[in-house]
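Asker: Sequence first, then the predicted structure, then my questions.
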Amino acid sequence: MGRDKAGIGVEGQPLWQRQLATLAALGPHEIFISGKADGPYVGGGMEVIYDLHPGCGPLSGLEAACGRMQTPLLCLLAIDLPKMTPSFLERLVKRAMQEGRGVVPQNGEYFEPLAAVYPRAMLNLIREQMDRSVHSMQRLVRQAMDIGLVTAQILEEDERAFFQNVNTPADLSGG
């Protein structure tokens with residue numbers, strides 16, 4: 001993209017504000033941003049927590065968030081999924097609360113781990129992976145499933161569009 005995606009505007013609003021609004025619609029107990037110290041959200045009135053292992057991808061952000069959260073479940077939403085809806089996330093959260101474990105969407109044989117619900121109980125598993133320099137979210141989810149910390153939510157055909165991410169300027173224009 002050539003710059004921090006968090007500051008890119010979609011429908012007149014920076015992605016970071018858009019994603020916060022999506023999460024805020026769920027009425028969470030707490031809400032914060034996991035990101036870089038120089039991100040466009042700094043000074044925007046939200047608590048920002050920083051990766052404990054910068055440059056290690058989303059797993060490092062999840063580690064920081066699980067270490068910071070005060071509730072048993074964390075609803076994670078990546079900055080580059082502007083088509084995500086509060087109603088989809090709400091269904092994940094409700095299922096996670098009913099089952100007492102995380103819920104990660106699954107699209108075919110791959111997981112969509114960047115719009116999911118994770119239990120705080122995953123922190124040790126995340127730290128073990130980070131200690132081994134294994135930064136794969138797919139691997140983390142599979143391990144968490146194996147020990148019963150998360151379950152999969154198979155995506156319906158019409159839900160797959162929620163996971164179209166923004167990686168290039170063409171993605172913003174639908175190209």
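Answerer: That came through, no problem.
Asker: low-scoring stretches of the protein, by residue?
Answerer: 1-4, 6-7, 9, 166-175 (pLDDT under 70).
Asker: mind listing the helices for it?
Answerer: 15-24, 58-68, 86-99, 123-131, 137-146, 169-172 (DSSP state H).
Asker: For Phe111, find the nearest of those.
Answerer: Distance to Phe111, taken as CB to CB, is lowest for helix 137-146 among these, at 4.6 Å. In short, each C-beta sits where N, CA and C put it, glycine included.
Asker: can you list contacts of that closest one?
Answerer: Contact with helix 137-146 is made by 57-59, 62, 102, 104, 110-111, 113-114, 116, 118, 122, 125-126, 129, 150-152, as judged by CB atoms under 8 Å, 6 or more residues apart in numbering.
Asker: Please spell out the ChimeraX selection for the buried subset of the residues you listed.
Answerer: Restricted to buried positions by 16 or more other CB atoms under 10 Å, the ChimeraX selection for the contacts of helix 137-146 reads:
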select :58,59,62,102,104,111,113,114,116,118,122,125,126,129,150,151,152
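Asker: could you dump the helices of the chain to a markdown table with distance to Leu77?
Answerer: A markdown table is the format used below for these (distance: least, CB to CB, whole Å):
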| stretch | distance to Leu77 |
| --- | --- |
| helix 15-24 | 5 |
| helix 58-68 | 11 |
| helix 86-99 | 7 |
| helix 123-131 | 17 |
| helix 137-146 | 14 |
| helix 169-172 | 17 |
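Asker: Identify whichever of those lies nearest to Pro40.
Answerer: Per CB to CB, nearest to Pro40 of these: helix 15-24, 6.3 Å.
Asker: what's next to that closest one, contact-wise?
Answerer: Residues contacting helix 15-24 (CB under 8 Å, 6+ apart): 5-11, 13, 31, 33, 35, 39-41, 44, 46, 75, 77-82, 84-86, 89, 166.
Asker: Buried ones among the residues you listed?
Answerer: Using 16+ other CB under 10 Å as the burial test, the contacts of helix 15-24 include 5-6, 8, 10, 33, 35, 39-41, 75, 77-82, 84, 86, 89, 166 as buried.
Asker: Which of the residues you listed fall within strands?
Answerer: Residues of these located in strands (DSSP state E): Val10, Ile33, Cys75, Leu77.
Asker: Turn those into JSON lines, columns for distance to His135.
Answerer: Compiled in JSON lines, those are given as follows (distance: CB to CB, whole Å):
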{"residue": "Val10", "distance to His135": "27"}
{"residue": "Ile33", "distance to His135": "20"}
{"residue": "Cys75", "distance to His135": "21"}
{"residue": "Leu77", "distance to His135": "19"}
